[in-house]
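Have a look at this prediction, sequence included:
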Amino acid sequence: MKNLFSILSLSAVLLFMSNSFAQDRFVASDSWAFGFGFTYPMYVGINGASLNTSEFYGGHLLIQRNWSEHVASRIKASYNHVAAQYYENYIANNGEYVSNNMITGDLDLLYYFNPCEPWSLFLVTGIGVNYNKPENAIIYDALGNEVSESELNEESNTGAQFNLGAGIEIRIGEDWRIRGEGTYHTMGNSKIDGRDTRDGSQDGFFGGSFFGGNSNDSWIHADLGLLYYFSKGEPSKYCQLYTGIGEVDYNRVEDIVRRYQTMPTEVDYDRICEIVKKCMGPAKMEDKWVLVGVNFDFNKATLRPESYAVLDNAAAILLAHKDVSVEIQGHTDQIGSDKFNDELSLKRAEAVKKYLVAKGVDAGRLTTSGKGKRELLFKESDPESRFYNRRVEFHVK
């Protein structure tokens, strides 16, 4: 049984990996599903002893109603065989096993976190009824002394249980899912392990509180099974981000491009250079220059063609004042992390330095630094403001 469970688990992992890259995502706004599979139950909280050895196996059936993409409810029935040898005072209990066949019925509520994906994680909570009949049951008092061998032995018990768990559904077809789930159950009594140390006053639907103390038994189970969606409503509008995009009509796109295309604009960069020289006036030194016209494309550190005329004029000023050294500071807009923008702004400063050195400016007079997005000219996030923030400044030393 354990080998079979391991094989099915490995198969689920492989199917998960292959479906993670699937493009077809079909989700209905509401649906019905039928599920079945293997169950591996195990005791967690037992009275007055610890487990020495154990043998657990089982199976389950369920009917599920998905009310929306995120919310579902289900009715689940399962068979759980548990057999345990207890370990008391470091001595095994005479090699005898206390076995129990538990038949449970649960009403659960499920919440799916990412229903539009090929796989979806979910939480589950609910209540249920646990019918069981321990064999070889032994009652111990609070000190661990044997009291009776017959009170719980082969006695049919019915108790309430509270359920809380999590799981994953992996799509393997339009209507089929692999479902893996782990759930914790706390009981309304202390009888499923065949060891009841409580008195009768603690019995009842919420006997001794589901959540407090050590009086109640608890157990967990792991499920691995299949879910078949046999009835579906309308396709989900919530998931139209994935399935609502129709096939692209490339011929129509090409026709639109041809219809509205324009001839490339001819740029006279020599004339731009003349205009810059004319408007800049006589060369003079300032403590800080903002090189208007030296800007960069988003996420780029390459000089734009219109920057050359501005940098030629800057080189002329520096060549006319050979005793002046400057720090070239690069800047970015406000998009991106500090680390990335610091590196990008430094690359922009280095690009300007390389150009000036090529124009004859001594590299020893030029230092570079990257200011990132810390000194914005414009706080607005519109494209024009961001463009002018991607700049270079000179600071005279």
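Received, thanks.

who are the neighbours in contact with residue 61?
34, 35, 36, 76, 77, 78 (Cβ atoms under 8 Å, 6 or more residues apart in numbering). To be clear about C-beta, it is placed using only N, CA and C from the backbone, and glycine gets the same treatment.

Please give the element, helix or strand, for it.
strand 50-66 (DSSP states H and E).

And the helix or strand following that strand, what does it pack against?
Scanning forward in sequence from strand 50-66 by DSSP H and E, the next helix or strand is strand 71-88. In terms of contacts (3 or more Cβ pairs under 8 Å, 6 or more residues apart in numbering; DSSP states H and E), strand 71-88 is packed against strand 31-45, strand 50-66, strand 98-112, strand 218-232.

Kindly recompute the last result at 6 Å.
Counting contacts by 3 or more Cβ pairs under 6 Å, 6 or more residues apart in numbering; DSSP states H and E, strand 71-88 is packed against strand 31-45, strand 50-66, strand 98-112.

May I see the buried residues of the strand holding residue 61?
Applying a neighbour-count criterion of 16 or more other Cβ atoms under 10 Å, one finds 56, 57, 58, 60, 62, 64, 66 buried in strand 50-66.

Let me have those in CSV, adding distance to residue 156 and pLDDT as columns.
Compiled in CSV, these are given as follows (distance: Cβ to Cβ, whole Å; pLDDT from 0 to 100):
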residue, distance to residue 156, pLDDT
56, 21, 86
57, 21, 91
58, 18, 95
60, 21, 96
62, 24, 97
64, 29, 97
66, 35, 96
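
and residue 234, how many neighbours?
Using other Cβ atoms under 10 Å, residue 234 has 8 other residues around it.

Show the pLDDT at the residue nearest to it when sequence neighbours are not counted.
If the residues on either side of it in the chain are set aside, residue 234 comes closest to residue 29, at 5.1 Å by Cβ to Cβ, 6 or more residues apart in numbering. Reported pLDDT at residue 29 in the predicted model: 86.

Report the contact partners of residue 29.
Shown in contact with residue 29 (Cβ atoms under 6 Å, 6 or more residues apart in numbering): 233, 234, 236.

Please name the spatially closest residue to the first one (chain neighbours excluded).
Which is residue 233. By the measure of Cβ to Cβ, 6+ apart, the closest residue to residue 233 outside its immediate chain neighbours is residue 30, 4.1 Å from it.
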